[in-house]
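In: the amino acid sequence is not available; the structure is as follows:
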């Protein structure tokens with residue numbers, strides 16, 4: 001048999017397994033050592049079309065709400081590592097399972113289509129709640145959730161600030177990078193085949209979503225970009241593309257030695273201080289926030305900024 005036919009067959013077989021994992025990835029309860037806050041949170045249902053989302057609310061006492069979006073192949077449990085320190089700011093916290101990350105009636109992951117619909121529904125729900133009236137709105141997302149958060153904020157001028165941890169700039173580039181670095185498939189042919197199979201399975205091309213095309217709308221609002229320098233799923237060049245497209249006026253932290261969404265685990269204290277300082281300034285005008293441009297590996301930029309506990313004690 002001709003070697004090209006053999007190679008094509010191997011690619012189809014590998015991609016078939018990959019597309020199954022892309023559409024319906026495993027959903028580990030990934031707490032990363034953080035406490036499971038399910039028992040402390042209020043569980044609510046948020047309508048999205050004729051469907052609904054499961055969401056969790058941790059009430060705060062200040063006039064700000066942060067909505068947290070998980071990434072690919074994760075659930076709302078992933079948000080608890082961030083909620084554990086963000087709640088000390090006194091903000092309300094809302095997190096959700098995308099419909100592609102639930103067990104019953106699960107939708108396929110689409111890298112944008114369903115997830116953006118879900119995110120819009122969450123923000124609409126937040127704005128209808130009397131308890132959140134007058135609250136400034138912040139978004140936090142990691143990976144796919146970060147890309148969705150950026151797109152949603154660009155679309156909705158009522159979002160005051162965004163933290164984007166390992167967002168992709170263009171879904172097709174993320175697919176190519178993941179094919180090459182994770183699945184060990186030829187970069188472009190592998191991604192092209194995955195996009196074709198995804199389109200056939202869902203009616204939507206999973207390479208279409210492109211937050212970099214809209215983040216110019218965030219040129220007048222603060223964004224904190226975080227990305228692992230050793231990310232083998234979404235190259236850190238995509239964070240730089242997003243940062244430039246948003247006006248190159250924001251803090252950008254390329255975290256040396258860190259893989260995909262690994263910064264909190266590897267640099268917990270520094271991560272929490274920086275994210276806290278960013279939101280304290282962006283949502284409440286407290287502290288100096290973070291300087292624009294690329295941040296270093298040490299705590300000098302937040303040394304003068306109060307952490308969440310100090311802010312709470314000072315009120």
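Out: Ah, there it is. Bear in mind that the values here come from a model prediction, so they are computed numbers and not experimental data.
In: and stretch 140-150, how far from the chain's centre?
Out: 2 Å (C-alpha atoms, centre = their mean, to the nearest Å).
In: er, stretch 234-251 actually
Out: Computed by C-alpha atoms, centre = their mean, the chain-centroid distance of stretch 234-251 equals 14 Å.
In: state the mean pLDDT of that stretch.
Out: Averaging pLDDT along stretch 234-251 gives 96.
In: what's the span of it, first residue to last?
Out: In stretch 234-251, first residue to last residue: 19 Å (C-alpha to C-alpha, to the nearest Å).
In: residues of it that come out buried?
Out: Of the residues in stretch 234-251, 234-236, 238-243, 245-247, 250-251 count as buried by neighbour count, 16 or more other C-beta atoms under 10 Å. Any C-beta I mention is one placed from the backbone N, CA and C, and that applies to glycine too.
In: check stretch 208-223 too.
Out: Of the residues in stretch 208-223, those buried (16+ other C-beta under 10 Å) are 208, 209, 210, 211, 212, 214, 215, 217, 218, 221, 222, 223.
In: again, but for stretch 166-173
Out: Within stretch 166-173, the residues scored as buried using 16+ other C-beta under 10 Å are 166, 167, 168, 169, 170, 171, 172, 173.
In: widest-spaced pair of those?
Out: 166 and 172 (16.9 Å; C-beta to C-beta).
In: just the helices in the stretch 51-200 of the chain please.
Out: With DSSP state H, counting those that start in this stretch, the ranges of helices along the stretch 51-200 of the chain come out as 80-86, 113-128, 144-155, 171-181, 187-202.
In: now the angle between helix 187-202 and the second one, please.
Out: By that I understand helix 113-128. Interaxial angle, helix 113-128 versus helix 187-202 (axes from the mean of the first three to the mean of the last three C-alpha atoms, to 10 degrees): 70 degrees.
In: what is the mean pLDDT for helix 113-128?
Out: 96.
In: give me the helices and strands touching that helix, please.
Out: Under the contact definition 3 or more C-beta pairs under 8 Å, 6 or more residues apart in numbering; DSSP states H and E, helix 113-128 sits against strand 42-48, strand 51-58, strand 64-69, strand 92-96, helix 144-155.
In: give the buried residues for that helix.
Out: 113-123, 125-126.
In: for burial, what's the neighbour tally of residue 32?
Out: 13 (other C-beta atoms under 10 Å).
In: and the closest residue to it other than its chain neighbours, how far is that from residue 259?
Out: Ranked by C-beta to C-beta, 6 or more residues apart in numbering and with sequence neighbours excluded, the top spatial neighbour of residue 32 is residue 81, at 5.1 Å. Note on residue 81: its distance to residue 259, by C-beta to C-beta, to the nearest Å, is 16 Å.
In: between those two, which one's more packed in?
Out: Higher neighbour count among residue 81 and residue 259: residue 81, with 24 against 16, using other C-beta under 10 Å.
In: out of the buried residues of stretch 208-223, what pair is the most spread apart?
Out: 208 and 222 (27.6 Å).
In: ok, back up a step: what would the buried residues of helix 113-128 look like in a markdown table with distance to residue 36?
Out: Formatted as a markdown table, those follow (distance: C-beta to C-beta, whole Å):
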| residue | distance to residue 36 |
| --- | --- |
| 113 | 30 |
| 114 | 26 |
| 115 | 23 |
| 116 | 28 |
| 117 | 27 |
| 118 | 22 |
| 119 | 23 |
| 120 | 28 |
| 121 | 25 |
| 122 | 21 |
| 123 | 25 |
| 125 | 23 |
| 126 | 23 |
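In: what bits of this protein have low per-residue confidence?
Out: Filtered on pLDDT under 70, the chain yields the residue ranges 1-22, 177-187, 190, 299-315.
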